[in-house]
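Colleague: Give me the fold of what follows.
(2 chains)
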Number of protein chains: 2
Amino acid sequence: MRYRIDLEYQGTRYHGWQGQENARTVQGELLRAARELFGAAVDVQGSGRTDAGVHAICQVAHLEAPRALPGARLVREINDLLPPDINLLAARRVDDRFHARHHATGRSYLYQISRRRTAFGKPFVWWVKDSLAIEPMRRAAAGLCGMHDFSSFTDKRVEKDTSTKVLLQEAVLAEAGELILVRLRGSHFLRKMVRRIVGCLAGLGRGEISEKDFAALLGAPSPYPARATAPPSGLFLEEVIYPGETFKRPLSPVLAIDGPRPEKGRP
Amino acid sequence: MRYRIDLEYQGTRYHGWQGQENARTVQGELLRAARELFGAAVDVQGSGRTDAGVHAICQVAHLEAPRALPGARLVREINDLLPPDINLLAARRVDDRFHARHHATGRSYLYQISRRRTAFGKPFVWWVKDSLAIEPMRRAAAGLCGMHDFSSFTDKRVEKDTSTKVLLQEAVLAEAGELILVRLRGSHFLRKMVRRIVGCLAGLGRGEISEKDFAALLGAPSPYPARATAPPSGLFLEEVIYPGETFKRPLSPVLAIDGPRPEKGRP
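Modeller: Below you'll find the model as predicted:
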């Protein structure tokens, strides 16, 4: 019995998605919970890995179960066995040939930079204290749309089997109050690619590199993106797209962790 | 030099506000940061204690500093020395006679119950899985307005010096999506009073006690509120009110930790 499961997680406490011996991972927690529920080993495959500390508001996986259960009950029973920072949103029976990774045609990531320190926000943003020039960052982000060689933005030793040419359907930077949001949506992503792009955009915003330098990073090897890598806390896997699905999520903060602000400093 | 400081904190990692030997507290972190900044011991007094695990979106304290600093600089320099889950919002010079606790004329607390499991929400809510009857809860909450003896809702051994008669100016329960918000605003609060009231409201919503039982808790001793105590995670000190100030915060979730939801369970 194959199920498609949609789930969200806060990555802070995990060594990423992918199961590893001696490390707490999201896939590992799902495998444990499913084994406990079904009394037998169960296969769970995600649409792709997320790195240590990276969050997901909608990761997709398939789960091969030894017996049938209604989707809503599967969600409830697995959630009862999961830690509070991993949460199944939905489960439904799918064709046995459905493969969460092979069939995914796109992924969307959102990155949150915060220009304000808040007591509640740290795990979900990258705090950048320096003043950032937004317009050049916006232009540089938009320039990433289309098919480019992103080998500068990734670790080639790790990616030897994956094409470094990536088609980005959407690359946009927008302000939302004190947050700066960067969305990248594409066919596939290379390891740390989003965090290195965001790190370089911040470097541009701070004036460390010019717009010309930034554009030159596409295709030409440079040690700068690795040095500039943004922290995982600000990164969210937003959505995984499958054939026949359209992407229509509005570009807005994943988590409005600020809430209404108190009136400050009254005497 | 006396300053009024307004601050927010996530209480999860702290043993409450009040400084204690061998325990990490919010006041303790402030004292440490201020001592580091001024190179001398500094006095910091809060408007009142918050218990272990309880959050604040606007706690107020006064700080007696050995020398003058512009408020904005004080905020910035102390924040640089504080852990990321404590954040000064504002600081301003006040009259030396200003006392954060003695001069406060009111406090407002907000409690968040969540009827939905989410991967990001657990530290900021009380998850209640049972179905809750909202209307009786709303009526019972409203019935708490005015002056009442809340001795049933507190630990009398701890409160021997404080009057158990409390004037509540506002007692309201409202739904906000999957959240149930309870706001209690009053002259002063007894230890665990808000959490015991919320626990009893949930007991009423679940049908464990009747509206009549709930009303009878006012004034008459009962072991039920202590057993029903709601967890600290859902509780926020919202605001502290001083003479000449009016309270006008809208009743809305302190933290919109849910964000826009993914479209669920597509095939």
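Colleague: How far does stretch A:204-222 stretch from one end to the other?
Modeller: End-to-end span of stretch A:204-222 (C-alpha to C-alpha, to the nearest Å): 15 Å.
Colleague: Mind listing the residues bridging to the residue in the stretch 1-150 of chain A positioned nearest to chain B?
Modeller: Relative to chain B, the nearest point of the stretch 1-150 of chain A is residue A:90 (3.3 Å; C-beta to the nearest C-beta). C-beta: built from backbone N, CA, C; applies to glycine. Residue A:90 has the following beta-bridge partners by DSSP bridges: residue A:6.
Colleague: And what about the nearest residue to residue A:8 once chain neighbours are set aside, helix, strand or coil?
Modeller: Using C-beta to C-beta, 6 or more residues apart in numbering or on different chains and skipping residues adjacent in sequence, the residue nearest residue A:8 is residue B:119, 4.2 Å away. Following DSSP: H, G, I helix; E, B strand; the rest coil, we place residue B:119 in the coil state.
Colleague: Go ahead and confirm residue B:119 touches residue A:6.
Modeller: No - the criterion here is C-beta atoms under 8 Å, and residue B:119 misses it with residue A:6 at 11.7 Å.
Colleague: what's the closest non-adjacent residue to residue A:228?
Modeller: residue A:199 (3.4 Å).
Colleague: tell me how far stretch A:183-199 is from the chain's mean position?
Modeller: 9 Å (C-alpha atoms, centre = their mean, to the nearest Å).
Colleague: Run a quick neighbour tally on residue A:60.
Modeller: 28 (other C-beta atoms under 10 Å in any protein chain shown).
Colleague: Beta-bridge partners for it, please?
Modeller: Residues in beta-bridge contact with residue A:60 (DSSP bridges): residue A:6.
Colleague: Surely it is in contact with residue A:98?
Modeller: No - with contact defined as C-beta under 8 Å, residue A:60 does not reach residue A:98; the gap is 10.0 Å.
Colleague: Can you check which residues contact both of these two?
Modeller: Residues touching both residue A:60 and residue A:98 by C-beta atoms under 8 Å, 6 or more residues apart in numbering or on different chains: residue A:4.
Colleague: Mind checking what secondary structure residue A:77 has?
Modeller: Residue A:77 - assigned by three-state DSSP - is helix.
Colleague: quick one, what contacts it?
Modeller: Counting by C-beta under 8 Å, 6+ apart, residue A:77 has contacts A:37, A:69.
Colleague: What of residue A:109?
Modeller: A:183-185, A:189, A:194, A:235-238.
Colleague: Quick check: which of these are also close to chain B?
Modeller: Under the cut-off given by C-beta under 8 Å from any C-beta of the partner chain, chain B has nothing from the contacts of residue A:109 close to it.
Colleague: In a markdown table: those residues, plus neighbour count and pLDDT.
Modeller: A markdown table is the format used below for the contacts of residue A:109 (neighbours: other C-beta atoms under 10 Å in any protein chain shown; pLDDT from 0 to 100):
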| residue | neighbour count | pLDDT |
| --- | --- | --- |
| A:183 | 19 | 98 |
| A:184 | 25 | 97 |
| A:185 | 22 | 97 |
| A:189 | 24 | 93 |
| A:194 | 28 | 96 |
| A:235 | 28 | 97 |
| A:236 | 27 | 96 |
| A:237 | 27 | 96 |
| A:238 | 24 | 95 |
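Colleague: My read is that residue A:166 contacts residue A:148, right?
Modeller: Yes - using C-beta under 8 Å, residue A:166 is in contact with residue A:148, at 6.7 Å.
Colleague: so of the contacts of residue A:109, which ones are in helices?
Modeller: residue A:194 (DSSP state H).
Colleague: Show me which of the contacts of residue A:109 is closest to chain B.
Modeller: Distances from chain B to these, taken by C-beta to the nearest C-beta, are shortest for residue A:238, at 8.1 Å.
Colleague: Let me see the contact set for the closest one.
Modeller: A:57-58, A:108-110, A:183, A:249, A:254.
Colleague: and with 6 Å instead?
Modeller: A:57, A:108, A:110 (C-beta atoms under 6 Å, 6 or more residues apart in numbering or on different chains).
Colleague: And those residues, which is the shakiest by pLDDT?
Modeller: Lowest pLDDT within the contacts of residue A:238 is found at residue A:57 (93).
Colleague: Tell me the residues of the stretch 101-250 of chain A that contact chain B?
Modeller: Within the stretch 101-250 of chain A, the residues that sit near chain B (C-beta under 6 Å from any C-beta of the partner chain) are A:117-120, A:122.
Colleague: In JSON lines, list these along with pLDDT.
Modeller: Listed next are these as JSON lines, based on pLDDT from 0 to 100:
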{"residue": "A:117", "pLDDT": "91"}
{"residue": "A:118", "pLDDT": "91"}
{"residue": "A:119", "pLDDT": "93"}
{"residue": "A:120", "pLDDT": "91"}
{"residue": "A:122", "pLDDT": "91"}
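Colleague: Which stretches in the stretch 101-250 of chain A count as strands?
Modeller: Per DSSP state E, counting those that start in this stretch, the stretch 101-250 of chain A carries strands over the ranges A:106-114, A:126-127, A:146-149, A:165-176, A:179-186, A:235-241.
Colleague: Using a markdown table, lay out those together with distance to residue B:142.
Modeller: Listed next are the strands of the stretch 101-250 of chain A as a markdown table, based on distance: least, C-beta to C-beta, whole Å:
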| stretch | distance to residue B:142 |
| --- | --- |
| strand A:106-114 | 38 |
| strand A:126-127 | 41 |
| strand A:146-149 | 59 |
| strand A:165-176 | 36 |
| strand A:179-186 | 37 |
| strand A:235-241 | 40 |
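Colleague: Single out the most deeply packed of those strands.
Modeller: Counting by mean count of other C-beta atoms under 10 Å in any protein chain shown, strand A:235-241 has the highest mean neighbour count of the strands of the stretch 101-250 of chain A, with a mean of 25.
Colleague: Adjacent strands (with direction) for that strand?
Modeller: As assigned by DSSP bridges, strand A:235-241 forms pairs with strand A:55-64 (parallel), strand A:106-114 (antiparallel).
Colleague: so who does residue A:122 touch?
Modeller: With C-beta under 6 Å, 6+ apart, residue A:122 has these contacts: residue B:84.
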